[in-house]
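**Q** quick one: sequence and predicted model below, then my questions.
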Amino acid sequence: MLLFVQNKRIFAGLSVSRWGWLLHNAAKNTVGARKKRLK
């Protein structure tokens, strides 16, 4: 049971970090697109 709870926590952490990474990349892409448009 304890193992299951730990696995759940690890999985939640992975999904959160994956979403954070996707959001970070999306923000970087929009900033890059804006800089290209200004030039």
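**A** Noted; the coordinates are in hand.
**Q** quick check: mean pLDDT across stretch 9-25?
**A** On average, the pLDDT along stretch 9-25 is 90.
**Q** any idea how far it is from the middle of the chain?
**A** Offset of stretch 9-25 from its chain centre (C-alpha atoms, centre = their mean, to the nearest Å): 4 Å.
**Q** same question, stretch 24-32
**A** 12 Å.
**Q** now swap in stretch 31-39 and tell me
**A** Relative to its chain's centre, stretch 31-39 lies at 22 Å (C-alpha atoms, centre = their mean).
**Q** list the buried residues of that stretch.
**A** For stretch 31-39, the neighbour count (16 or more other C-beta atoms under 10 Å) marks no residue as buried. (C-beta placed from N, C-alpha, C; glycine too.)
**Q** run through who's touching that stretch.
**A** Contacts to stretch 31-39, defined as C-beta atoms under 8 Å, 6 or more residues apart in numbering, come from no residue at all.
**Q** and it, C-alpha only, in PDB?
**A** Only the C-alpha atoms of stretch 31-39 are listed here, as PDB (Å, rounded to 0.1, in the frame of the first residue of the first chain):
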ATOM      1  CA  VAL A  31       8.800  35.000 -27.200                       C
ATOM      2  CA  GLY A  32      11.000  33.800 -30.100                       C
ATOM      3  CA  ALA A  33       8.200  34.400 -32.600                       C
ATOM      4  CA  ARG A  34       7.600  38.000 -31.300                       C
ATOM      5  CA  LYS A  35      11.400  38.800 -31.600                       C
ATOM      6  CA  LYS A  36      11.400  37.500 -35.200                       C
ATOM      7  CA  ARG A  37       8.300  39.700 -36.000                       C
ATOM      8  CA  LEU A  38      10.000  42.800 -34.500                       C
ATOM      9  CA  LYS A  39      13.100  42.300 -36.800                       C
END
